[in-house]
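Asker: Quick one, fold the following:
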Amino acid sequence: MHSHRTTGLVVSAALVAALAGGAVGTASAETPHHHAAAQPTAPKAQADAAAVLAQAKTLGNLGGVLAPVTTLVQDALATPVSKDKVASDATAATAAITAAKKALPATPAAPATPNAPAAPNAPAAPNAPAAPNGSAAATRAVHPRAAADVQADALAALQTAVDSLSKAVASGDATGALAAGTAVVTGLVNVAVATVLGGGLPAPNLPGLPALPSLPSTPTLPTTPTL
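Answerer: Presented below is the predicted three-dimensional model:
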């Protein structure tokens, strides 16, 4: 009787151990599956972080231009004015504008058009009638300008205004300095707006702000029809 009871206990213990081992094995087998399912989210998080870092860098580049250029305007229109200080400010502003130009992304080159095979001589075709105004043939396709081109144009115009302000102060032309200073401030606004609209920045979400416009479009010549 005692042996039967002992045998029953041994069997029960073995059964419990087997069940426990199976549960542990199942849990350990399922654990890598959950980790493997969570791994694909890592590349997306890295891409999102890279995008935010690029946006912060864009704003940093804009700040690098604003500070020296505004200092130039303040010193150029100060009373009395220090020509040496303005000359130093102009050098710093030019260096900042040059650095901002170099930081712009390169505009991708247009793909090369493959050479068309030589066509056999065809009989002369009669002249096609002129397309009426407003028809599809006379309408130009419109494509948005590259954001980097707009920002480069704004920076180039700002550099021109900075040069004019520096020359006006150096020559003692107070009236010219005021006009050039106004052009510099306008140029700064153009650079800021071009950066906000074309720098890949997030849209503002402050209540009450108007919607931002898009960059202007430039027309392109219509494609030549084939025979």
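Asker: mind listing the strands in the chain by residue range?
Answerer: Ranges of strands in the chain, per DSSP state E, are 141-144, 217-220.
Asker: Least reliable of those strands by average pLDDT, please.
Answerer: Ranked by mean pLDDT, those bottom out at strand 141-144, which scores a mean of 40.
Asker: what does stretch 207-216 contact?
Answerer: Residues outside stretch 207-216 that contact it (Cβ atoms under 8 Å, 6 or more residues apart in numbering) are P144, R145, A147, V150, A194, V196, L197, G198, A203, P204. Yep, even glycine has a C-beta here, placed from its N, CA and C like the rest.
Asker: Taking the residues you listed together, which two end up most distant?
Answerer: Within the contacts of stretch 207-216, two members stand farthest from each other by Cβ to Cβ: R145 and P204, at 21.9 Å.
Asker: who has more neighbours, the two?
Answerer: Ranked by neighbour count (other Cβ atoms under 10 Å), R145 and P204 place R145 first, with 14 against 11.
Asker: I'd like to know which helix or strand in the chain has the lowest mean pLDDT.
Answerer: For the chain, counting by mean pLDDT, DSSP states H and E, strand 141-144 ranks last in confidence among helices and strands (a mean of 40).
Asker: What is the neighbour count of L59?
Answerer: As a burial measure, L59 scores 13 neighbours (other Cβ under 10 Å).
Asker: check contacts around the nearest residue to A106 once chain neighbours are set aside.
Answerer: Among residues not flanking A106 along the chain, A148 sits closest, at 7.3 Å (Cβ to Cβ, 6 or more residues apart in numbering). Residues near A148 by Cβ under 8 Å, 6+ apart: L104, P105, A106, T107, G198.
Asker: in this protein, which ranges drop under the pLDDT threshold?
Answerer: For the chain, residues meeting the criterion pLDDT under 70 lie at 1-42, 107-145, 215-227.
Asker: Show me where it has its helices.
Answerer: 2-38, 41-76, 83-103, 147-170, 174-198 (DSSP state H).
Asker: ok, now how distant is the residue nearest to A147 when sequence neighbours are not counted from A78?
Answerer: The shortest distance from A147 to any non-neighbouring residue, by Cβ to Cβ, 6+ apart, is to G198 (2.8 Å). To A78, G198 is 34 Å away according to Cβ to Cβ, to the nearest Å.
Asker: okay, these two: which has more neighbours?
Answerer: The residue with more neighbours, out of G198 and A78, is G198; 21 against 11, by other Cβ under 10 Å.
Asker: wait, the more buried one sits on A154?
Answerer: No: here G198 does not reach A154: they are 9.4 Å apart, not a contact under Cβ atoms under 8 Å.
Asker: about what we covered before: now list the buried members of the contacts of A148.
Answerer: Neighbour-count burial (16 or more other Cβ atoms under 10 Å) applied to those gives L104, G198.
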